[in-house]
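Trainee: Build me a model:
(one chain, ligands or ions: 1)
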Amino acid sequence: MKKRTLLAATFALMAIASQSNAAEDTAFDAEERYQATCFACHGTGAAHSPEVGDQIEWEIRMEKGMDTLVQNTISGLNGIMPPRGLCADCSDEQLRAIVEFMVQSSL
Ligand code: HEC
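Mentor: I've put the predicted structure just below:
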């Protein structure tokens, strides 16, 4: 009997856990998308990209203002930052959320 109660509790917990996962899946996860698309360059400094975590680099870039950084992300920069950072299905708002995540992780 005790074993069965434990089993029921385990299933209940599993149901709760999978429900919260489903909720997260529908919400846009800026960090996850950063890892999937931008990290290849911005996590490694490839092609001289500003590396996330490099405070001075991002302080200097932030002097242009968040709107300019987002605009340059959307249209690309100097032929080396690809338009939309190669995230073809990211909306402008989602790109902004990723840029905010990158800046917050660096400053
Ligand atoms: C192929 C490599 C590459 C990928 C992928 C990439 N970037 Fe970049 N990014 C760069 C490089 C290189 C620069 C620096 C460009 C320069 O200053 O001339 C840059 C610059 C930037 C800047 C600073 C813009 C400014 O005005 O100074 C932002 C913000 C940015 N990237 C966001 C992103 C986001 C968000 C993604 C993913 C959705 C992404 N990047 C994906 C290479 C990349």
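Trainee: Give me the nearest residue to Thr37, chain neighbours excluded.
Mentor: Of all residues not flanking Thr37 in the chain, Cys87 sits nearest, at 4.5 Å (C-beta to C-beta, 6 or more residues apart in numbering). All C-beta spots, glycine's among them, are computed from the backbone N, C-alpha and C.
Trainee: so the one you found makes contact with Ala40?
Mentor: No - if you go by C-beta atoms under 8 Å, Cys87 and Ala40 don't touch, sitting 11.2 Å apart.
Trainee: So which of those two has more stuff around it?
Mentor: The residue with more neighbours, out of Cys87 and Ala40, is Cys87; 18 against 14, by other C-beta atoms under 10 Å.
Trainee: wait, what's in contact with that one?
Mentor: Neighbouring residues of Cys87 by C-beta atoms under 8 Å, 6 or more residues apart in numbering: 33, 37-38, 94-95, 98.
Trainee: Let me know the secondary structure of the residue of the chain found nearest the ligand.
Mentor: Here the chain gets closest to the ligand at one residue, Gly85, 2.4 Å apart by C-beta to the nearest ligand atom. Using DSSP: H, G, I helix; E, B strand; the rest coil, the structure places Gly85 in helix.
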